[in-house]
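A.B. asks: sequence first, then the predicted structure:
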Amino acid sequence: MCSAAREPDRRRRPVGSLRRLRALSAAATAVISVILGACEKKVRQAPAPPAAVNSGLDEPPAPPQATVDAPPFAAITTGRDHACGITQSGTLYCWGQNDLGQLGDGTTTSSDLPVAVAGGRTWQSVAAGAGHTCAVTIDGETYCWGSSGAGQLGNDTVGSRAEPARVGKLPPLSTLTAGDAHTCGLAPDGALFCWGANRHGELGRGTDSATGRPDPVPTALLFRSVVARYHRTCAITVDGELFCWGQEDPGVHAGAETPCSDPGDADARCSLRPARLLDSLRFTAIAPGERHSCAITQQGTTLCWGLASDGRVGIGPRDDTGPVGPTPVAGGERYTHIITGADFSCALAADGVAQCWGSNAEGQLATGGGTDATSPTPAASGLHLSMLSAGDAYVCGLTTDHRAMCWGSNASGQLGSGSKRRTFTPAAVLFAK
């Protein structure tokens, strides 16, 4: 052990004693110098603490507990920082951020491995938002849990719930989708119901007032699909017409000249009712993002529009990163499914291989490195996938043999891999042993 030398005693002493003391002092000084030198050398040679991880490569740490492969999944969904999946047997599991009870296991403890949603019900569909989750049982009953600060649980709950709560006054739903703080469900007859936050008009009711009741969207239109994301909702009618409402993407105007009642974005424009986009085209898929969107036409063309920074619209290199109108994605690939995150997009080709473009800062493009892409780039190591779902900066998908895989940002454990390290290639969702 190294310690500091004591200060010499300076009291007056006899000369002989003083000489002997000086000799002893010199010897002691030499010994102290050797000791201090050894200490300094030891300090200099001490290993530096590990640097923060930002290498841009896969970093698979040892899981903190024993894990096993996940069972086969039938569906998977991603919220902002949590994800959920339904197994082929109908059991619902969630993982990731849980500060508001969005995992539905009766706690507010986050988990980097899947935990079972409480209640023992059998489920058929699920949707995850920023801080809430909703799902439909095989009996057609809708339940929600997590945050209800804006009524997004649909049952007039105040605060939050850590276990599923029944949403009343709803018919059986065929489709469920969630934005940041609102939820929408589609009935088999084409009627659409939305509830929750409405500051941007995301409920399509003609006002900006939130509601905790699942009210029908007041329109004569009949829809076959709907996607709620962030502060907006888009739906495709049974005839293939595309309608969106809520916060508009930059570069695209559908008559929404109403300023959003959002103090955080004075320039944002909102549609308080469904507004038709690109009325000369018919669509099969729509993927609204945070400030950009992509859609697939019935002719097989994929269009993207909105902010173009980071290459998120996939139209190739540009001299500026301002907003663009609907533009075909580079490469001309015919896609069957498309998703958007905060600043990236991914799509599935007909053979089930994913292609992604946009920001890759967290590995969300699954290309094995951290380089952004301005046009579609092969992703996910050539995995053949049946579906994809995007969070803010991560993606989860199902392979054709029903394995759940996730990649990208993982600070809250939203990849379900037993770790909180991001990954730049697909990582299997694991279960606690």
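C.D. replies: Structure's in. What do you need? Numbering: from 1, shown residues only.

A.B. asks: show me what the longest strand along the chain is packed up against.
C.D. replies: Identified as the longest strand of the chain according to DSSP state E is strand 269-277. On a contact count with 3 or more CB pairs under 8 Å, 6 or more residues apart in numbering; DSSP states H and E, strand 269-277 meets strand 242-247, strand 258-259. All C-beta spots, glycine's among them, are computed from the backbone N, C-alpha and C.

A.B. asks: any idea which of those gets closest to residue 282?
C.D. replies: Closest of these to residue 282 is strand 242-247, at 8.1 Å (criterion: CB to CB).

A.B. asks: please name the strands paired to that closest one in the sheet, noting orientation.
C.D. replies: Paired with strand 242-247 in the same sheet, following DSSP bridges, are strand 232-237 (antiparallel), strand 269-277 (antiparallel).

A.B. asks: how about the CA coordinates for that strand, as PDB?
C.D. replies: Listed next in PDB are the C-alpha coordinates belonging to strand 242-247 (Å, rounded to 0.1, in the frame of the first residue of the first chain):
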ATOM      1  CA  LEU A 242     -55.300   7.500 -49.500                       C
ATOM      2  CA  PHE A 243     -56.400   9.800 -46.700                       C
ATOM      3  CA  CYS A 244     -54.300  11.300 -43.900                       C
ATOM      4  CA  TRP A 245     -55.000  13.600 -40.900                       C
ATOM      5  CA  GLY A 246     -53.000  15.100 -38.100                       C
ATOM      6  CA  GLN A 247     -49.600  16.700 -38.500                       C
END
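
A.B. asks: picking that back up, most tightly surrounded among the strands paired with strand 242-247?
C.D. replies: strand 232-237 (a mean of 25; mean count of other CB atoms under 10 Å).

A.B. asks: quick one: residues in contact with that one.
C.D. replies: 177, 179, 182, 184, 186, 192, 194, 200, 202-204, 221-227, 242-248, 274, 283-286, 288, 293 (CB atoms under 8 Å, 6 or more residues apart in numbering).

A.B. asks: quick check: the gap between the closest residue to residue 321 other than its chain neighbours and residue 236.
C.D. replies: Closest residue to residue 321 apart from its sequence neighbours, by CB to CB, 6 or more residues apart in numbering: residue 309 at 3.7 Å. Going from residue 309 to residue 236 by CB to CB, to the nearest Å gives 27 Å.

A.B. asks: same question for residue 382.
C.D. replies: In terms of CB to CB, residue 382 sits 30 Å off from residue 236.

A.B. asks: what's the answer for residue 69, then?
C.D. replies: Residue 69 sits 36 Å away from residue 236, taking CB to CB as the criterion.

A.B. asks: could you measure from the residue nearest to residue 391 when sequence neighbours are not counted over to residue 342?
C.D. replies: Nearest residue to residue 391, sequence neighbours excluded (CB to CB, 6+ apart): residue 78, at 4.0 Å. Separation of residue 78 from residue 342 (CB to CB): 12 Å.

A.B. asks: the two: which is more packed in?
C.D. replies: Taking other CB atoms under 10 Å, residue 78 and residue 342 do not tie; residue 78 has more neighbours (26 against 22).

A.B. asks: does that one touch residue 395 like I think?
C.D. replies: Yes: between residue 78 and residue 395 there is a contact under CB atoms under 8 Å: 7.2 Å.
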